[in-house]
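**Q** generate a structure from the sequence data that follows.
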Amino acid sequence: MAKRILNAVEANFPELLQRAQGAIRINSINPDHDEGKLKDAKNGESKVSNYLAEYMRHAGMDVDIFSAKSQRENAVGVCNCGDGPSILFNGHVDVVGVGDKSRWKMAQPFEAKIIDGKLYGRGSSDMKAGIVCAIAAIKAIKDAGLKLGGKVLVEAVCGEENMDTEAGTGACIERGYRADAGICVEPSGPPYSLAIEPASPGALTFEIWIKGKAGHTCMRDEICRAGGKGDFFGASAMDKAVFIYEGMRRLEDKWGFTKVHPVFTRPGHFTINPGSFYAGPTPFSITEEACLTYTAWYAPQESADDVKKEIVEYITKWCATDNWLCQNPPVFKWLICWPPYNVSVDAPICKAINNAFSMALNRQALSYGFAAVSDASFLNLAGIPTVIMGPGDLCVAHGPDEFVFVDELKEAAKIYALTIALWCGVKYLD
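**A** Next up, the predicted model:
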């Protein structure tokens, strides 16, 4: 049965590649991004969803196209084949902007050219190709003359690039689409291609607001020179922000040693990234307010509340050494938090993918942590144990000349098809 499935993937691969190119050629920049508001991107998510829906039908799936938000359509393909274990595949159809097109040297963002074994285009790695591979896997089982014992779903969803789960994955969950396990087809790389990724960090974005005391800039010597009036005269919020920035750097250095997780074997992944800085309101006065914006990438086993507490306690102790900040502590404003997910490497879905990987490629699969965030978090929160495994590499996602290796598409489709067969069970058609 495995041989028949693999042969069917090989036979259908030209169509898989053509379908992937077609999806990439559709400009589906997230409509909440500036470039997504332009005419060329209008209704792009819906266009990709409908394009993939046609492929789902071609693969023998029933398709549900629906919008949870105006003119942003999701497509869910369902193969109701039996009462056995069920599995879903999840991927997003929205992409980020392309930026300065002159920086795209190999091909233009929506040309979907194949050059030297690489398929170029925005959304190639992140992550339209992965969705196409999942659909192709189901078609291969059908074309192999086999019948599945359980239900398979493929979700092509909106909104992931802006954590708008209410438009996409969350809306699918609310609509009742669930399974016993899931694979999110985000790109596995780096550091390994087509790795099984059972965990991802959380991403907590926040602001630190610092209060100063205004005064004329001609009197700055009173606050920066020995013997001056110091805080009695004024306090530069910018100076205090730099002081806090140094404290945050030291906390980040500490995280390099204290934040660990079994599948993040390369040390130091968990960081506190400074995103933006504001100080003002005018260059003609000693600054009376400043703001630092950060995103903390924290370990999968931690909670956002614990991370918030750790950051506040550390910076409070740091500020206690400054005469002004100990009396005028900074104010933290918590903005958004993309939750982590954390699945055991011994979970049944991981074992099924491992076995399928070995059968398909004659080598062992590798496991690693997913570096970024994804809709896998929301599927796990809904009680669907979901891991990431897909073609592509985050190192080229969101940048110019994004690409995916053509060979990875065939390998991914083979792994998906055998995972489905092993998970759901298969038998020969009567």
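**Q** can you verify C326 is assigned to a strand?
**A** No: with DSSP: H, G, I helix; E, B strand; the rest coil as the criterion, C326 is located in coil rather than a strand.
**Q** tell me the contacts of it?
**A** 319-320 (CB atoms under 8 Å, 6 or more residues apart in numbering). C-beta coordinates here come from the backbone N, C-alpha and C atoms, glycine included.
**Q** need the pLDDT of it.
**A** pLDDT recorded at C326 is 97.
**Q** what does K101 give?
**A** Looking at K101, its pLDDT stands at 96.
**Q** for the closest residue to A382 other than its chain neighbours, grab the count of nearby residues.
**A** Excluding the flanking residues, the one nearest A382 by CB to CB, 6 or more residues apart in numbering is I173, at 4.8 Å. Number of residues near I173 (other CB atoms under 10 Å) recorded here: 19.
**Q** in which helix or strand does I173 reside?
**A** Assessed by DSSP states H and E, I173 sits inside helix 169-174.
**Q** any idea of the mean pLDDT for that helix?
**A** The average pLDDT for helix 169-174 rounds to 98.
**Q** before we move on, back to that, how close does the residue nearest to A382 get to N90?
**A** 10 Å (CB to CB, to the nearest Å).
**Q** so E73 makes contact with S67?
**A** Yes: counting by CB atoms under 8 Å, E73 does reach S67; the two are 5.0 Å apart.
**Q** so the residue nearest to A382 touches T386, yeah?
**A** No: under the criterion of CB under 8 Å, I173 makes no contact with T386, lying 11.3 Å away.
**Q** going by neighbour count, which residues in the helix or strand hosting I208 are buried?
**A** If you go by DSSP H and E, I208 is part of strand 202-211. For strand 202-211, burial by neighbour count (16 or more other CB atoms under 10 Å) applies to 202-208, 210-211.
**Q** and for stretch 418-430?
**A** Neighbour-count burial for stretch 418-430 [16+ other CB under 10 Å]: 418-424, 426.
**Q** between I173 and N90, what contacts are shared?
**A** With CB under 8 Å, 6+ apart, I173 and N90 have common neighbours L379.
**Q** show me the contact partners of the helix holding I173.
**A** 66, 68-69, 74, 76, 90, 92, 155, 157, 159-160, 165, 375, 378-379, 382.
**Q** what is the lowest-pLDDT residue among these?
**A** K69 (94).
**Q** quick revisit: of the buried residues of strand 202-211, closest to A356?
**A** Using CB to CB, G202 comes nearest to A356 of those, at 29.0 Å.
**Q** for the closest residue to that closest one other than its chain neighbours, what are its contacts?
**A** Nearest non-adjacent residue to G202, counting by CB to CB, 6+ apart: P340, 3.9 Å away. Neighbour list for P340: 199-202, 298-302, 373, 377 [criterion: CB under 8 Å, 6+ apart].
**Q** pLDDT, secondary structure and distance to R178 for those residues - can I get that in TSV?
**A** Below are the contacts of P340 laid out as TSV (pLDDT from 0 to 100; DSSP: H, G, I helix; E, B strand; the rest coil; distance: CB to CB, whole Å):
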residue	pLDDT	secondary structure	distance to R178
A199	98	strand	21
S200	98	strand	20
P201	98	coil	25
G202	98	strand	23
Y298	98	strand	28
A299	98	coil	27
P300	98	coil	22
Q301	97	coil	25
E302	98	coil	27
V373	97	coil	21
S377	98	helix	16
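**Q** filter those residues to the buried ones?
**A** By 16+ other CB under 10 Å, those give 199-202, 298-300, 302, 373, 377 as buried.
**Q** could you list the low-confidence segments of this protein?
**A** By pLDDT under 70, the weakly predicted segments of the chain are 430.
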